[in-house]
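S.K.: all I have is the shape, not the residue letters:
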């Protein structure tokens, strides 16, 4: 019996909208993820501006407290699951096969599926804004019993979270399979670019912790609709148990949001310092150490629940220990720049801004790790200042740096450098104007997630709100710049960065066959 082998090489490829819906090409899927993240970035940003409008002055101005709480909840869910994670997954899709010399991702059809789950998940999440009883208002942490008081929106919220988690797990499995199986000959693990390493470790974190979140929110669902009492004290349950389950997911999650940033910055700094990265292997081990430690520090979010003293001491010391590998990374970046022939193009500006402001977030994190001090800081605006310093000038700046750094490679066109620098300086000025005053009002005792506040906090809140609007409008420059670069512009050359003569601009990645006609090099 003979089998007929169909020749697939001469098939017509779908074009137009069908190309994007059916694509299994890693670059197309990376592009889809990045555009999805951009759209959600503006939606989540508008929610933040609702919050800051309400807090512009004391008293209740624009929205009722229920809707204000819905905004704080939805803003966080959109920014974490809809912006930072998809953007980094988009960068992974685009760059990992190129960096390891592979032809595509290991599981291309699953890759397509893991993206297309996302728009449906977020349509479901955002549809809760139009339901009876309003959108979820229990905070992104979903603590019972508060989160269980949501109306019709609750099951939609839970199913949306399940779909986001499913997408993340599928994406992570794909990345692990690609990195472990599809490296070019000679590309050993310790020769991989750091962006690939950080994503390999991030992917393992995702596979480990997303099911924990799924379990926790499913228990919430059965508590509300099926008469279980996991977290209901009246039925013998324990609401604090939910906090343990949530933060066992939630703490590794914050490292899922930042580890790929470390990889991006580790690609950009050596390029513009024109030196190899200092301490490559220590960077790999530091990243792995951070990932390991992230699993044993979750209860530092819970110092005020009444833990035994021994538990508080353990979680305090374990949290402080994370400062060591993080310090190693910052030291290595600074040492890479030391006596380098540095130039300050836009990606380098974002990378340096990342290092400085991420470090500020790290220091306030150390303050929060001190148990007796945390009793004072807990649930104040100091915490909001801390995690926004890690996530906005941290994760978001790294994503922007990556876009500027790789846009010429993706499009073949050079972005307008002056406009990029204007975007950087406006973003940096306004991000500090927004979040730095929050340290002060937090230390003075202003609680977070509250739509009204005492008169003595008025000045700093007004400054923060002005900063938030400034930052939001500055991002329109970024959007304009990306569209302009995709449409055309000065052609990118082999040496994209002026002054980088003789330096392969994708310093750490073997270029693929089709990039600027450069033959593939395995270093």
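M.R.: Sure, I can see it. Note that this is a predicted model, so its numbers are computed, not measured. Numbering: from 1, shown residues only.
S.K.: report the buried residues of the helix or strand hosting residue 365.
M.R.: Using DSSP states H and E, residue 365 falls within helix 346-369. For helix 346-369, burial by neighbour count (16 or more other C-beta atoms under 10 Å) applies to 346-355, 357-362, 364-365, 368-369. All C-beta atoms are positioned from the backbone trio N, CA, C, and that covers glycine.
S.K.: elements contacting the helix or strand following it?
M.R.: Using DSSP H and E, the helix or strand that follows helix 346-369 in sequence is helix 371-377. Counting contacts by 3 or more C-beta pairs under 8 Å, 6 or more residues apart in numbering; DSSP states H and E, helix 371-377 packs against helix 309-321, helix 346-369, helix 417-443.
S.K.: the last one vs helix 346-369, what angle?
M.R.: Inter-element angle recorded for helix 417-443 and helix 346-369: 10 degrees (by axes from the mean of the first three to the mean of the last three C-alpha atoms, to 10 degrees).
S.K.: after helix 417-443, which helix or strand is next?
M.R.: helix 458-487.
S.K.: would you pull up how far that next one lies from the middle of the chain?
M.R.: 18 Å (C-alpha atoms, centre = their mean, to the nearest Å).
S.K.: same check on stretch 67-75?
M.R.: 19 Å.
S.K.: residues contacting it, please?
M.R.: Identification of contacts with stretch 67-75 by C-beta atoms under 8 Å, 6 or more residues apart in numbering yields 44, 47-48, 50-51, 54, 63, 125-126, 128-129, 134-140, 448-449, 451.
S.K.: just the buried ones from those residues?
M.R.: For the contacts of stretch 67-75, buried by 16+ other C-beta under 10 Å: 44, 47-48, 50-51, 54, 63, 125-126, 128, 134-140, 448-449, 451.
S.K.: among the residues you listed, name the ones in helices.
M.R.: The helices, defined by DSSP state H, take in 44, 47-48, 50-51, 54, 125-126 from the buried ones among the contacts of stretch 67-75.
S.K.: low-confidence stretches in the stretch 401-523 of the chain?
M.R.: Along the stretch 401-523 of the chain, segments meeting pLDDT under 70 span 494-523.
S.K.: could you redo the last one with a cut-off of 90?
M.R.: Low-confidence segments of the stretch 401-523 of the chain (pLDDT under 90): 488-523.
S.K.: do the same with the chain
M.R.: In the chain, residues with pLDDT under 90: 1-16, 132-138, 145-152, 274-275, 340-341, 488-523.
S.K.: sorry, back to before: closest to residue 22 out of the helices and strands packed on helix 371-377?
M.R.: Of all the helices and strands packed on helix 371-377, it is helix 346-369 that lies closest to residue 22, at 32.8 Å by C-beta to C-beta.
S.K.: neighbours of the closest residue to residue 144 other than its chain neighbours, how many?
M.R.: Residue nearest to residue 144 in three dimensions, not counting chain neighbours: residue 231, with 4.3 Å by C-beta to C-beta, 6 or more residues apart in numbering. Here the number of neighbours of residue 231 (other C-beta atoms under 10 Å) works out to 23.
S.K.: how much space separates residue 231 from residue 148?
M.R.: Applying C-beta to C-beta, to the nearest Å, the value for residue 231 to residue 148 is 8 Å.
S.K.: give the residues shared as contacts by these two.
M.R.: With C-beta under 8 Å, 6+ apart, residue 231 and residue 148 have common neighbours 220, 223.
S.K.: ok, the residue nearest to the spatial centre of the chain to residue 95 distance?
M.R.: For the chain, residue 84 is the residue whose C-alpha lies nearest the centre (C-alpha atoms, centre = their mean; 2.9 Å). Distance, residue 84 to residue 95, using C-beta to C-beta: 16 Å.
S.K.: cool, residue 50 as well?
M.R.: From residue 50 to residue 95 the distance is 35 Å (C-beta to C-beta).
S.K.: quick one: contacts for residue 150?
M.R.: 133-138, 157.
S.K.: now, those that are in strands?
M.R.: Judged by DSSP state E, strands contain none of the contacts of residue 150.
S.K.: ok, and what's touching stretch 46-56?
M.R.: So stretch 46-56 is contacted by 60-63, 68, 71-72, 74-75, 78, 434, 451, 453, 461-462, 464-465, 468-469, 472 (C-beta under 8 Å, 6+ apart).
S.K.: same deal with stretch 22-38?
M.R.: 14, 19-20, 82-84, 86-87, 89-97, 104-105, 108-109, 111-112, 115, 118-119, 399, 403, 410, 479, 482.
S.K.: quick one: buried residues of it?
M.R.: Within stretch 22-38, the residues that count as buried by 16+ other C-beta under 10 Å are 23, 25-26, 28-34, 36-38.
S.K.: closest to residue 304 among those residues?
M.R.: residue 37 (33.9 Å).
S.K.: do I have it right that residue 360 meets residue 389?
M.R.: Yes - because the distance of 5.2 Å satisfies C-beta atoms under 8 Å, residue 360 is recorded as touching residue 389.
S.K.: report the contact partners of the residue lying closest to residue 463 once chain neighbours are set aside.
M.R.: What sits nearest to residue 463 in space, not counting adjacent residues and going by C-beta to C-beta, 6+ apart, is residue 437, at 5.1 Å. Taking C-beta under 8 Å, 6+ apart, we find residue 437 in contact with 460-461, 463-464, 467.
S.K.: same thing with residue 466?
M.R.: So residue 466 contacts residue 433 (C-beta under 8 Å, 6+ apart).
S.K.: how close does it get to residue 297?
M.R.: For residue 466, the distance to residue 297 equals 35 Å [C-beta to C-beta].
S.K.: residue 394 too?
M.R.: Taken as C-beta to C-beta, the span from residue 394 to residue 297 is 18 Å.
S.K.: quick one, which of those two is more surrounded?
M.R.: residue 394 (28 against 22).
S.K.: shouldn't that one be within a strand?
M.R.: No - if the criterion is DSSP: H, G, I helix; E, B strand; the rest coil, then residue 394 is helix and not within a strand.
S.K.: how about it: what's its closest non-neighbour residue?
M.R.: Nearest residue to residue 394, sequence neighbours excluded (C-beta to C-beta, 6+ apart): residue 358, at 4.4 Å.
S.K.: longest helix in this structure, please.
M.R.: Max-length helix for the chain by DSSP H is helix 239-273.
S.K.: ok, and what's touching the helix or strand just after that helix?
M.R.: Remark: after helix 239-273, the chain's next helix or strand is helix 280-293, criterion DSSP H and E. With C-beta under 8 Å, 6+ apart as the test, helix 280-293 has contacts from 190, 194, 197-198, 201-202, 204-205, 252, 255, 259, 262, 266, 277, 318, 321-322, 324-326, 328-329, 332.
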